[in-house]
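In: Here is the input, now give the coordinates:
(2 chains)
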Amino acid sequence: MKTDRACTLTIIGGFDKDGNPDLVERLEMHRGEVIGIVGPTGSGKSSLIADIEQFALGDTPSGRKILIDGCEPRAEIRSDPRKKLIAQLSQNMHFLADMSVDEFLRMHAKSRGRSPEVAERVIELANTLTGEPVRHDHHLTILSGGQSRALMTADIAVISDSPIVLIDEIENAGIKKKEALELLAGEGKIVVVVTHDPMLALMTSRRVVMKNGGMVRVIETSAEEQKVCEDLTRVDDWLMDLRETIRRGEVVEAAI
Amino acid sequence: MKLAVLAGTPGSGKTSVLIHAARSLKRDGLRPAVVKIDCLWTEDDKRFHRLGVPVAVGLAKDMCPDHYSIYNVDEMLDWARSQKADLLLNETAGLCLRCAPYPDKCLAVCVIDVTTGPNAPLKVGPLLTTADVAVITKGDMVSQAEREVFRERILEANPGCRIVEANGLTGKGAAELAELIRGGPEVGDDMLLRHNPPLAICTLCTGELRVSKEHHRGVLRHLDGFMEYFGE
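Out: Below you'll find the predicted structure:
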C-alpha cells in the first residue's frame, strides 16, 4: 500500500442549476473519512461525484474546483489510470465487455500497472460480498447485478487501490453493503458515498445535502444517529440472513 | 490555419464532441469553422449554426466518403479562409475502417465509443492507429474498470496517442480536446496522407451489380486470403 499520496481533498463551491452560489463554499475531506452525499433524485449528487472524479477545474457545468492537498492536480493525474487517485464504483454495473471474469481482471490489473495474479484475490473477496459465487471462467455479460457490484467492489479494493474512493448508490444490488463499505474504506482512504440508504448515510461522519444542483448544508452524524445506525445494522444483518434462508429454499423459523 | 480531422464510426458521438469543443474554442477567442462530410443526409449543420460557427456540408453521395473528404481538403481550407476562420474542424463520415482520412499536417482525432467493447480498438485499424488523439465517448455507461481496460486496448493499438475521455452530453473532455486542437500543426502545401488508401479498386467500385466472382476484374482476394489478378 502506497502511503505517500493524497491526504486532503478540497471542494471549492460553484453554482446550483439556477446559477446561485453553493451555500457550502468550501469542503475539506481527510484520509480515513467516510463522507455521504444525500438529496432527492435530480438534486445533483451524481454531478458532484462527477466533479470529483474528473478533478473539475471550473470547467464543468457546476463551475466547482477540486484541489488535492490544496493544489490543482496535474493533467497526467487527471487522465492516466496508473497515476489515478480516484477509484469509482458507479451505478452502471452492466458489463458490455464480452470476455471472462479472469481475462477482464488481468487486463484491468495491467492497465493499473499491477500484477495479473491479483485477479484470484479479487474473485475471492467478491465472493465474501455476494451469496451467488462468481467463478473465474464466468462471462462478464451473464453476471447478475449483485455479482457485478461485488466484483467491482473487490476490484476497487485490490486493483484500483486509489486513495480516494467514490461510491454511487451501492445499496440497490443485493450485496452485503456494510462489509462492502468497510472493505472500500479500509487503510486510510477518503470515501465519498452517494446514498439514499439510512444505514450507509449514518455510517458516514458527515453528509453533504444537495438541492437543485447545489451543496446546501453539511450535517455531522450525531451520537444519537450513530445509535440508530447500530440498530439498523442489526436489522440489516437479519434481512441478509432471511434472504439467504429463502434463497437456499428453506423455511423461515423465528421472528427477531 | 490549423486543421483538425475528426473520424470515427457512425453514432460514436463525433458531432456532439465537436460541438462542445467548438464552443470551448470560441470561448477562448478563436474562430473555428466546421465542414461536415456525410454520405447521404445530415442535419448536423443546424446544430453548429446555433453555436454561431460557420458551417458547410459536403455530401459524398455515390463516392466513397473518406476519399471525397481527402481530395476536397484544399477546397475546405479555402472556404474556411473565406470565412475568416483560423481553425478548420473537419468531421468525416468515416465508415469502412480501411481508409484513414488524415493528412500529415493536421490534428488527427479518432472518436471511439466505449460501448463497442474492448476488442473494438483492435478492429478499427488506421483510423485509430494513425490518430494523434483518441477520444473515448459514452464512458458513463460502463464501470471505471471497463473504461480503463478499453483505454489499455487503445494504447495497445496506438501507443503514442493522447487519450481524452469525453462525454457528448455533458461536455466533459471538450476543454482538453480544444486545447489539443489549438496546439495542432499549421497546414502546409502538398500534404500527404498518413496511411495509404485500399490497395486496388475492383469492378464493384465502378458499378458492377452482378455478385458472382466470374464477373469481376482486377486484384481480388479470396476468403482464404489468396489474391489473384483477373483481366488483361
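In: Pull up the residues of chain B that are close to chain A.
Out: B:114-115, B:117-119, B:140-146, B:148-149, B:151-153, B:163-165, B:170-172, B:175-176 (C-beta under 8 Å from any C-beta of the partner chain). Bear in mind the C-beta positions are built from the backbone N, C-alpha and C, glycine included.
In: Okay, and which of these map to strands?
Out: Using DSSP state E, the members of these that fall in strands are B:Ile163, B:Val164, B:Glu165.
In: What's opposite the last one in the beta bridge?
Out: What that stands for is B:Glu165. Under DSSP bridges, the beta-bridge partners of B:Glu165 are B:Ile136.
In: list the contacts for it?
Out: A:Gln54, A:Ser79, B:Val135, B:Ile136, B:Gly139, B:Arg147, B:Arg151, B:Lys172, B:Gly173 (C-beta atoms under 8 Å, 6 or more residues apart in numbering or on different chains).
In: Of those, which is the nearest to A:Asp22?
Out: Proximity of the contacts of B:Glu165 to A:Asp22 (C-beta to C-beta) peaks at A:Gln54, which lies at 17.6 Å.
In: wait, the closest one sits on A:Ser62?
Out: No - between A:Gln54 and A:Ser62 there is no contact under C-beta atoms under 8 Å: 11.2 Å.
In: most surrounded residue in the contacts of B:Glu165?
Out: Using other C-beta atoms under 10 Å in any protein chain shown as the neighbour test, the contacts of B:Glu165 are led by B:Val135, with 30 neighbours.
In: ok so, going back, now the ones in strands among the residues of chain B next to chain A as CSV including pLDDT?
Out: Shown next, in CSV, are these (pLDDT from 0 to 100):
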residue, pLDDT
B:Ile163, 94
B:Val164, 93
B:Glu165, 90
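In: for these, which one is nearest A:Pro163?
Out: Nearest member of these to A:Pro163, counting by C-beta to C-beta, is B:Glu165, at 20.3 Å.
In: ok, that closest one to B:Val135 distance?
Out: For B:Glu165, the distance to B:Val135 equals 8 Å [C-beta to C-beta, to the nearest Å].
In: Ok, B:Leu204 next?
Out: 33 Å.
In: got the buried residues for the host helix or strand of A:Asp237?
Out: Assigned by DSSP states H and E, A:Asp237 belongs to helix A:223-247. Neighbour counts over helix A:223-247 (16 or more other C-beta atoms under 10 Å in any protein chain shown) mark A:Glu225, A:Cys229, A:Leu232, A:Asp236, A:Met240 as buried.
In: contacting residues around that helix?
Out: Helix A:223-247 has contacts (C-beta under 8 Å, 6+ apart) with A:131, A:174, A:176-178, A:198-199, A:202-203, A:221, A:251-252, A:256.
In: Where does chain A get nearest to chain B, residue-wise?
Out: A:Ser111 (3.8 Å; C-beta to the nearest C-beta).
In: I'd guessed that residue sits against B:Arg151; true?
Out: Yes - using C-beta under 8 Å, A:Ser111 is in contact with B:Arg151, at 6.4 Å.
In: pLDDT weak spots in the chain?
Out: This is for chain A. A:1-6, A:76, A:78-82, A:92-93, A:171-174, A:187, A:255-256 (pLDDT under 70).
In: switch to chain B, that's the one I care about
Out: Using pLDDT under 70, chain B drops low at B:94-95, B:199-200.
In: how about whichever residue of it sits closest to chain A, what does it touch?
Out: Using C-beta to the nearest C-beta, B:Glu152 is the residue of chain B that sits closest to chain A, at 3.8 Å. Neighbour list for B:Glu152: A:Met107, A:His108, A:Lys110, A:Ser111 [criterion: C-beta under 8 Å, 6+ apart].
In: Could you list the domains of chain B?
Out: Following automatic domain parsing, one gets these domains for chain B: B:2-182, B:199-232.
In: which of the ones you listed sits most buried?
Out: The highest average neighbour count among the domains of chain B, using mean count of other C-beta atoms under 10 Å in any protein chain shown, belongs to domain B:2-182 at a mean of 20.
In: was I right about A:Val134 contacting A:Asn127?
Out: Yes - with contact defined as C-beta under 8 Å, A:Val134 and A:Asn127 form a contacting pair (6.0 Å).
In: list residues touching both of the two?
Out: A:Ala150.
In: what about the two, which has more around it?
Out: A:Val134 (22 against 17).
In: TSV for the contacts of B:Glu152, including distance to B:Asp45?
Out: Below are the contacts of B:Glu152 laid out as TSV (distance: C-beta to C-beta, whole Å):
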residue	distance to B:Asp45
A:Met107	40
A:His108	41
A:Lys110	43
A:Ser111	38
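In: which of the residues you listed has the most neighbours?
Out: Neighbour counts for those, by other C-beta under 10 Å, peak at A:His108, which reaches 27 neighbours.
In: Where does it sit, in terms of helix or strand?
Out: Following DSSP H and E, one finds A:His108 within helix A:101-111.
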